[in-house]
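**Student:** I would like to see how this sequence folds:
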Amino acid sequence: MVLDQIIPQHTPSNLSERFEAEWIGEHTLGSFLLKPSHIPWVVFVPKHPLTPDNAAHIYPLLYELSDWLSEQGLGIHNNIAKLGNVLPYCHIHLVMRTPQDECWPNPIWGQTLTPCLTPDKAQRIDLIRQFLSTHS
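**Tutor:** Model prediction:
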């Protein structure tokens, strides 16, 4: 299996289907999706290979988003990881953690997580879109 593939059809429906997550918005560097878990979990899918130059722009953006979400009360700690063991597509996870989340202090990877409640999901979508509106 070839890993870190760049998805040529970078459309909301294609990305949502492949990552089992809701497409939230697009940035010039890639797309943002939200996993349906109670723990705030964002997936970033880059439009181009993760070269050192691209990574030098992508990771600061993800850390800024993490800071923004933390300021909005969605977590006190982040996990940012490019795992790619299950899906062969290049993507980066941003997970906001608190000592009260259902997996703390263990990793969330491979766990069956409680689904996100609709009001929480709507708030997260709104917050991420607010962030993207000022970081295009």
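
**Student:** What lies in contact with the helix or strand containing residue 44?
**Tutor:** Per DSSP states H and E, residue 44 falls inside strand 41-46. Here strand 41-46 makes contact (CB atoms under 8 Å, 6 or more residues apart in numbering) with 6-7, 10, 15, 19, 21, 24, 29-35, 54, 58, 62, 65, 89-96, 108, 128. Glycine gets a C-beta too; all of them are placed from N, C-alpha and C.

**Student:** Show me what counts as buried in stretch 6-25.
**Tutor:** Buried residues in stretch 6-25, counting neighbours by 16 or more other CB atoms under 10 Å, are found at 7, 15, 16, 18, 19, 21, 22, 23, 24, 25.

**Student:** now those residues as CSV including distance to residue 49?
**Tutor:** Formatted as CSV, the buried residues of stretch 6-25 follow (distance: CB to CB, whole Å):
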residue, distance to residue 49
7, 12
15, 17
16, 22
18, 17
19, 18
21, 21
22, 25
23, 21
24, 22
25, 21
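
**Student:** Surely residue 79 is in a helix?
**Tutor:** No: using DSSP: H, G, I helix; E, B strand; the rest coil, the assignment for residue 79 is strand, not a helix.

**Student:** and the gap between it and residue 94?
**Tutor:** Separation of residue 79 from residue 94 (CB to CB, to the nearest Å) stands at 8 Å.

**Student:** between the two, which one's more packed in?
**Tutor:** Set side by side, residue 79 and residue 94 show more neighbours around residue 94, with 21 against 16, by other CB atoms under 10 Å.

**Student:** For the closest residue to that one other than its chain neighbours, list each beta-bridge partner.
**Tutor:** Among residues not flanking residue 94 along the chain, residue 42 sits closest, at 4.3 Å (CB to CB, 6 or more residues apart in numbering). Taking DSSP bridges as the rule, residue 42 bridges to residue 34, residue 94.
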